[in-house]
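Q: sequence first, then the predicted structure, then my questions.
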Amino acid sequence: MGSRIAKLIVSLRSAEFPVWNTCDGPDLSPELRIRGLTPETQSMAVFALNPFEPGCSFTAWILWNLSPAPVIPEGIPLQDVVTAPVDAVQGTNDYGTPGWRGPCPPAGETHRYLFKVYGLDTMLDLAPGAGKHDLIGAMQGHVLAFGETVAMYSR
């Protein structure tokens, strides 16, 4: 007991999504930059949450078993098991599909996405396509570091 969770510095290219990361463009997953990973970190997990959709933590993206790296590249394919541009596993988002679903607010509104990045002490034994609650359960006891950031999109 008494273990501390290190702070990750997580950032995006800007505080506002470019159109190519949204439903108004090709809806590519955004590039995430991570600083503060320690040598003990064996993998990373990512959640993107949209609090403006129904439910208080509507999940737009679930990703895990990423090798620790300072950049998660843009454009992760919409599939359960990813081998390029990085190796990773994706879960089923709250839209019922694997991979990223970018913001798509109604005209005249702004949506905010919260990105949570976890540094873990292991690769997770979790089936591709698992949901957010399964991932949260699998991460318990394995979190070494945590960081978050937000981005907005308006129409």
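A: The structure has been received and is ready for your questions.

Q: tell me how far residue 32 lies from residue 125.
A: Separation of residue 32 from residue 125 (C-beta to C-beta, to the nearest Å): 24 Å. C-beta: built from backbone N, CA, C; applies to glycine.

Q: next: residue 107.
A: 44 Å.

Q: before we move on, back to that, residue 32 and residue 125 - which one has more neighbours?
A: Comparing residue 32 with residue 125 by neighbour count (other C-beta atoms under 10 Å), the higher total belongs to residue 32, at 24 against 7.

Q: would you confirm that the more buried one contacts residue 115?
A: Yes: counting by C-beta atoms under 8 Å, residue 32 does reach residue 115; the two are 6.4 Å apart.

Q: what number of residues lie near the residue nearest to residue 27 when sequence neighbours are not counted?
A: Closest residue to residue 27 apart from its sequence neighbours, by C-beta to C-beta, 6 or more residues apart in numbering: residue 102 at 4.7 Å. Residue 102 sits with 25 neighbouring residues when counted by other C-beta under 10 Å.

Q: just the element for residue 102, please.
A: Secondary structure from DSSP states H and E places residue 102 outside every helix and strand.

Q: what's the spacing between it and residue 67?
A: For residue 102 relative to residue 67 (C-beta to C-beta), the value is 24 Å.

Q: give me the number of residues near residue 83?
A: If you count neighbours by other C-beta under 10 Å, residue 83 ends up with 9.

Q: my error: substitute residue 117 in the last question.
A: 25.

Q: who touches the closest residue to it other than its chain neighbours in this structure?
A: Nearest residue to residue 117, sequence neighbours excluded (C-beta to C-beta, 6+ apart): residue 10, at 4.8 Å. By C-beta atoms under 8 Å, 6 or more residues apart in numbering, the contact set of residue 10 is 32, 33, 34, 115, 117, 147, 148, 149.

Q: ok, 7 Å please
A: 32, 34, 115, 117, 147, 148, 149 (C-beta atoms under 7 Å, 6 or more residues apart in numbering).

Q: enumerate the beta-bridge partners assigned to residue 150.
A: Note on residue 150: beta-bridge partners by DSSP bridges are residue 114.

Q: rewinding a little: helix, strand or coil: sort out the residue nearest to residue 117 for me.
A: Using DSSP: H, G, I helix; E, B strand; the rest coil, the structure places residue 10 in strand.
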